[in-house]
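S.K.: have a look at this prediction, sequence included:
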Amino acid sequence: MPATTRRSQPDACTLLEADHRKVKKMFKDYEELAQSKARGAAQKKRELAQEICLELTVHTQIEEEIFYPAVREAIKDTDLLDEAEVEHASAKDLIAQIQDAQEVDDMFDAKVTVLGEYVDHHVKEERNELFPKARAARKLDLVAMREQLEARKEELMAEMSGVAA
């Protein structure tokens, strides 16, 4: 059996990309619910929006606490990281508005839609620009970082969803 290379092992970027795919599917599900006139759709939309907000809150926090600082140390061009942090701030503002919303109305749908568009743009930049630079940086052990991200993600999910770890 051939030896596996470090490149083939799941790394920090692999974990973050899995989060991206999961939340993208959730936004697609929300879009379908938003088109639905079925009874109970408003409650389902609120629940799904809250789930999206939780996923994104945890994801942005692990990126900001662990991934971004390490990448900032390892690469020369940090403009992408500055932009990513500004994008996170905009997303956090929308997340707060969604979580605080009293009504599940057209404005609620619009906020979730715009959040999805922000996230989609952010994901493309990370996938096409930031992750390749991080993977090319010799100073980064992205395989070890994946374990760190995973542990922190589990901790935050338990904390934020009110489940004992």
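M.R.: Everything's here; your move.
S.K.: remind me, longest helix of this structure?
M.R.: Of all the segments assigned as helix in the chain under DSSP state H, the longest by residue count is helix 12-35.
S.K.: does the nearest residue to Glu17 once chain neighbours are set aside sit in a helix, a strand or a coil?
M.R.: Setting aside the residues directly before and after it, Glu17 is nearest to Arg127 in space (C-beta to C-beta, 6 or more residues apart in numbering), at 6.7 Å. For the C-beta atoms, the positions are set from N, CA and C on the backbone; glycine is no exception. The three-state label for Arg127, taken from DSSP: H, G, I helix; E, B strand; the rest coil, comes out as helix.
S.K.: immediately after whichever strand or helix holds Ala49, which helix or strand?
M.R.: Under DSSP states H and E, the secondary-structure element containing Ala49 is helix 41-62. Toward the C-terminus, helix 41-62 is succeeded by helix 68-74 as the next helix or strand (DSSP H and E).
S.K.: which parts of that next one are buried?
M.R.: For helix 68-74, burial by neighbour count (16 or more other C-beta atoms under 10 Å) applies to 68, 70-71, 74.
S.K.: got JSON lines for the residues you listed, with pLDDT too?
M.R.: Listed next are the buried residues of helix 68-74 as JSON lines, based on pLDDT from 0 to 100:
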{"residue": "Tyr68", "pLDDT": "97"}
{"residue": "Ala70", "pLDDT": "97"}
{"residue": "Val71", "pLDDT": "97"}
{"residue": "Ala74", "pLDDT": "95"}
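S.K.: closest one to Ala136 out of the residues you listed, please.
M.R.: Using C-beta to C-beta, Ala74 comes nearest to Ala136 of the buried residues of helix 68-74, at 9.4 Å.
S.K.: you'd agree that closest one is up against Ala137?
M.R.: Yes: taking C-beta atoms under 8 Å as the definition, Ala74 is a contact partner of Ala137 at 3.9 Å.
S.K.: show me where pLDDT drops low in the protein?
M.R.: Low-confidence segments of the chain, defined by pLDDT under 70, span residues 1-7, 163-165.
S.K.: 90 instead, please
M.R.: Counting by pLDDT under 90, the chain has low-confidence residues at 1-9, 36-41, 76-77, 161-165.
S.K.: so which elements touch the longest helix of the chain?
M.R.: Helices and strands touching helix 12-35, by 3 or more C-beta pairs under 8 Å, 6 or more residues apart in numbering; DSSP states H and E, are helix 41-62, helix 106-125, helix 131-136, helix 142-160.
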